[in-house]
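Participant: Just to be clear, the model below is a prediction. Sequence and coordinates:
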Amino acid sequence: MSSDQASRLRSMAQGLRPEAPLFAARVLAITSGKGGVGKTNVVAGLALSLAQLGQRVVVMDADFGLANLDILLGLSPKYTLEHVLRGEKVLEEILLDGPMGVRIIPASSGIQELTHLDTVSEMRLVQGLQRVAETADWLLIDTAAGIHDSVLKLLMAAQEVILVTTPEPTSLVDAYAMVKVLHLREASKPVWLLVNNGQSMDEAQETVDQLQAATERFLGKQLKVLGLIPNDPHILQAVRQQRGVVDLFPRSPASLAFRALARQLLGQVSLQPDGFASFWRQLASDEPQ
Ligand SMILES: Nc1ncnc2c1ncn2[C@@H]1O[C@H](COP(=O)(O)OP(=O)(O)OP(=O)(O)O)[C@@H](O)[C@H]1O
Ligand SMILES: [Mg+2]
């Protein structure tokens, strides 16, 4: 999307309610360079953990190629964003009630890309999101992987971005590429780094160090460290049962990590100076279910 389009979208949304901020909720987009690194599981885990902490959460599935957030949570949408864009439904009518009061905006596979929306469809989407965000504390957006215009458009629209990477070199390289593109578009955009699927604290810390060193050296950009989700077989078990891991295995290492991350986002805790070491100790001290 061009910056022209972005500012058109913003001014259009703002023009609807000039006195109101663009979104009442805190809007975070969850993204990655490489696919399959755990974004959708992260979105579900964070959403349920924030809800457990008393927050009102709406999640938007914006992976239009392979929408699957609803499947992950065992929901069957009758209507999707496609109906909203076509003007057949308003956004409130397609909202799904997920676990713990989390509300989900389902996408549909093969929907026309956000970059190619006409003005009327774009307005339907923005107006709907604005209304829904007025009844929420958080709007989490699950994006498709990779550097595409439609993903970047969502990242630019969000207030903050959570960049998910695994410790694998390929994921790390693609994560750097994503930060670079984002930085060139909007240098001041806060980017949180989340390391998923790490085997150990050392590995996760090394991943953070490498990415931070690269972005600071080559882009002069500081990444905020959100934390890590360890490799945890409970995640796969929960996926198979189409339940959120936080819901099904609340004491599992992944669920404890999601809760810690949610608290970090809420500003209730922050990473200690010794980085992941204390975080990992905290996880290790809790018996998984
Ligand atoms: N911390 C983890 N421990 C164990 N398995 C994990 C973990 N995180 C994710 N997985 C597994 O990795 C796979 C991919 O996860 P997910 O679908 O969330 O990735 P994604 O980034 O959303 O993928 P896509 O780019 O296709 O949207 C899933 O099978 C999930 O069970
Ligand atoms: Mg996904």
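Facilitator: Ah, there it is. Residues are numbered from 1 along each chain as shown. Ligands and ions are numbered 1, 2, ... in the order given.
Participant: For the rest of this, base every contact and every neighbour count on C-alpha atoms.
Facilitator: OK.
Participant: Ligand 1 contacts on this protein?
Facilitator: 35-41, 144-145, 196-197, 229-233, 235-236, 239 (C-alpha under 6 Å from any ligand atom).
Participant: Which of the residues you listed fall within strands?
Facilitator: Using DSSP state E, 196, 197, 229, 230 are the members of the residues of the chain next to ligand 1 that sit in strands.
Participant: All the strands of the stretch 151-289 of the chain, residue numbers only.
Facilitator: 160-165, 191-198, 224-230 (DSSP state E, counting those that start in this stretch).
Participant: Now render those strands as CSV, adding mean neighbour count, distance to residue 150 and mean pLDDT.
Facilitator: Shown next, in CSV, are these (neighbours: other C-alpha atoms under 10 Å; distance: least, C-alpha to C-alpha, whole Å; pLDDT from 0 to 100):
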stretch, mean neighbour count, distance to residue 150, mean pLDDT
strand 160-165, 26, 15, 96
strand 191-198, 23, 18, 96
strand 224-230, 23, 24, 94
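Participant: Can you lay out those as TSV showing distance to residue 82?
Facilitator: Output for these, formatted as TSV (distance: least, C-alpha to C-alpha, whole Å):
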stretch	distance to residue 82
strand 160-165	25
strand 191-198	29
strand 224-230	33
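Participant: per-residue confidence averaged over the helix ranked longest in the chain?
Facilitator: The helix spanning the most residues in the chain, taking DSSP state H as the definition, is helix 201-219. Mean per-residue pLDDT for helix 201-219: 94.
Participant: Could you tell me which residues within it count as buried?
Facilitator: Of all the residues in helix 201-219, those buried under the rule 16 or more other C-alpha atoms under 10 Å are 201, 203, 204, 205, 207, 208, 211, 212, 213, 214, 215.
Participant: Residue 97 and residue 106, how far apart?
Facilitator: 11 Å (C-alpha to C-alpha, to the nearest Å).
Participant: element containing residue 142, please.
Facilitator: Per DSSP states H and E: residue 142 is located in strand 138-143.
Participant: Outside of that strand itself, which residues are in contact with it?
Facilitator: Strand 138-143 is touched from outside by 25-31, 39-40, 43, 47, 55-63, 133, 151, 154, with contacts defined as C-alpha atoms under 8 Å, 6 or more residues apart in numbering.
Participant: Sheet partners, orientation included, of that strand?
Facilitator: strand 26-31 (parallel), strand 57-62 (parallel) (DSSP bridges).
Participant: With mean pLDDT, mean neighbour count and distance to residue 138 as added columns, please give these in TSV.
Facilitator: Converted to TSV, these look like this (pLDDT from 0 to 100; neighbours: other C-alpha atoms under 10 Å; distance: least, C-alpha to C-alpha, whole Å):
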stretch	mean pLDDT	mean neighbour count	distance to residue 138
strand 26-31	94	24	5
strand 57-62	94	26	5
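Participant: Which of these sits closest to residue 177?
Facilitator: Closest to residue 177 of the strands paired with strand 138-143 is strand 26-31 (C-alpha to C-alpha; 12.2 Å).
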